[in-house]
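Q: Following is a predicted model, sequence given first.
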Amino acid sequence: IIIGKGPAGLSAALYTTRANLKTLIIGKNDSSLRKAAKIENYFGFSSAVSGDYLLNETEKLVLSFGAEIVDDEVVSIEKTDTFKVVTSKNEYEGIAVLIATGQPRKKLKIKNLEKFEGNGVSYCTTCDGYFYKNLKVGVLGNKDYAIHEAVELEAYTSDITIFTNGKELDVSQKYQNELSRFRINEKIIEELSGADFLQRIAFNDGTSEEIDGIFIADESASSVDFARKLGVMTEGISIVTDKDQQTKVKGLFAAGDCTMEFKQLATAVGSGALAGRKMIEYVRELSKAR
């Protein structure tokens with residue numbers, strides 16, 4: 001399973017499909033490459049070409065080799081003997097997974113957000129949910145990812161509020177059915193406050209609310225969000241991989257902008273190709289062992 005329809009994910013799929021591996025690509029048309037109107041430094045083109053054109057043509061190619069592409073949002077990756085990839089609409093099982101979701105989103109502009117990271121502000125319900133047993137917690141976000149995180153927190157507490165931070169809820173039918181279990185607060189968050197730990201959320205209308213902890217799940221899940229939940233090492237906003245683009249979790253690979261500082265089309269395609277090749281080797285070795 002390849003998560004992400006950008007240059008790294010599609011590049012990997014060119015290799016896995018041609019090696020006759022059943023390949024599923026999951027993602028939205030949100031690659032930053034689609035915003036590039038003119039690319040003038042990519043190998044093989046004597047004149048400028050758009051990022052949208054390159055992605056569309058490569059999608060046609062991987063489909064011709066037998067890949068399946070699903071337009072959906074991944075909210076969770078779980079690892080047992082295999083990988084379970086949970087989306088807004090479905091669940092999929094795979095032997096190997098590639099995270100190729102590009103650059104993580106920008107940080108929220110909320111006063112004191114960074115100050116309370118690790119002291120009431122968390123980005124991982126799987127990692128930190130246990131510390132909020134029977135406490136009052138919030139999830140910041142307005143999409144499926146936020147609702148999924150709130151559902152996970154129910155294992156620890158029933159006092160959960162979804163803070164949309166001024167945005168309207170944009171939730172698929174799958175998660176619409178879960179909304180009634182949570183309080184919804186649509187006010188814009190101005191500031192977080194407390195002594196050593198988070199104690200209060202203040203809103204731009206002058207009101208405030210006491211809180212024990214808040215989990216950030218804004219917009220869609222990023223590459224770093226997936227890594228945190230699976231116990232994969234990160235450096236800043238990048239996933240740490242070995243020379244074969246594999247993380248410390250066997251069978252979990254990462255490629256493209258989420259793994260490198262030099263964020264260029266050529267390097268994304270190259271790291272995706274290497275990841276695809278190493279995924280082939282991993283799956284074949286696993287098959288032999290079985």
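A: Here it is on my side, so go on.

Q: drop to CA atoms for contacts and neighbour counts, all remaining ones
A: Fine.

Q: So which bits of stretch 203-211 are buried?
A: 203, 211 (16 or more other C-alpha atoms under 10 Å).

Q: Let's see the distance spanning that stretch from one end to the other.
A: The first and last residues of stretch 203-211 sit 13 Å apart, counting by C-alpha to C-alpha, to the nearest Å.

Q: contact partners of that stretch?
A: The contact list for stretch 203-211 (C-alpha atoms under 8 Å, 6 or more residues apart in numbering) reads 136-138, 187-191, 198-202.

Q: Dump these to a markdown table, plus distance to Leu230.
A: Shown next, in a markdown table, are those (distance: C-alpha to C-alpha, whole Å):
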| residue | distance to Leu230 |
| --- | --- |
| Lys136 | 25 |
| Val137 | 22 |
| Gly138 | 22 |
| Lys187 | 32 |
| Ile188 | 31 |
| Ile189 | 29 |
| Glu190 | 31 |
| Glu191 | 30 |
| Leu198 | 26 |
| Gln199 | 28 |
| Arg200 | 30 |
| Ile201 | 29 |
| Ala202 | 32 |
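
Q: So which of those residues wins on neighbours?
A: Within the contacts of stretch 203-211, Gly138 tops the neighbour count with 26 neighbours, counted by other C-alpha atoms under 10 Å.

Q: Touching, it and Gly213? I think so.
A: Yes - using C-alpha atoms under 8 Å, Gly138 makes contact with Gly213 at a distance of 6.3 Å.

Q: quick revisit: closest one to Gly9 out of the contacts of stretch 203-211, please.
A: Gly138 (33.2 Å; C-alpha to C-alpha).

Q: What strand or helix carries Leu286?
A: Using DSSP states H and E, Leu286 sits within helix 265-289.

Q: Give the buried residues for that helix.
A: Here helix 265-289 shows 265-280, 282 as buried, counting by 16+ other C-alpha under 10 Å.

Q: circling back: mind checking which of the contacts of stretch 203-211 are in helices?
A: Using DSSP state H to define helices, no part of those is located there.

Q: Just the closest of those residues to Val97, please.
A: The closest of those, once distances to Val97 are taken by C-alpha to C-alpha, is Gly138, at 30.2 Å.

Q: Identify the residues contacting the closest one.
A: 160-163, 211, 213-215.

Q: Quick one: neighbours of Leu10, just the number.
A: The burial count for Leu10: 27, using other C-alpha under 10 Å.

Q: Show the subsequent helix or strand relative to the strand or helix carrying it.
A: Counting by DSSP H and E, the element that carries Leu10 is helix 7-18. Next in sequence after helix 7-18, counting helices and strands by DSSP H and E, comes strand 24-27.

Q: which residues sit against that following strand?
A: Contacts for strand 24-27 (C-alpha under 8 Å, 6+ apart): 1-5, 9, 13, 67-74.

Q: Out of those residues, which is nearest to Glu219?
A: Glu73 (10.5 Å).

Q: Quick one: the strands in the stretch 1-150 of the chain, in order.
A: 2-3, 24-27, 68-71, 74-79, 83-87, 91-94, 97-99, 121-122, 137-140 (DSSP state E, counting those that start in this stretch).

Q: Please convert these to JSON lines, extending it with distance to Phe253 and mean pLDDT.
A: Output for these, formatted as JSON lines (distance: least, C-alpha to C-alpha, whole Å; pLDDT from 0 to 100):
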{"stretch": "strand 2-3", "distance to Phe253": "9", "mean pLDDT": "97"}
{"stretch": "strand 24-27", "distance to Phe253": "14", "mean pLDDT": "96"}
{"stretch": "strand 68-71", "distance to Phe253": "19", "mean pLDDT": "97"}
{"stretch": "strand 74-79", "distance to Phe253": "12", "mean pLDDT": "94"}
{"stretch": "strand 83-87", "distance to Phe253": "12", "mean pLDDT": "96"}
{"stretch": "strand 91-94", "distance to Phe253": "12", "mean pLDDT": "96"}
{"stretch": "strand 97-99", "distance to Phe253": "5", "mean pLDDT": "97"}
{"stretch": "strand 121-122", "distance to Phe253": "24", "mean pLDDT": "93"}
{"stretch": "strand 137-140", "distance to Phe253": "28", "mean pLDDT": "97"}
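
Q: out of the ones you listed, which comes closest to Ser238?
A: The closest of those to Ser238 is strand 97-99. By C-alpha to C-alpha, the value is 11.4 Å.
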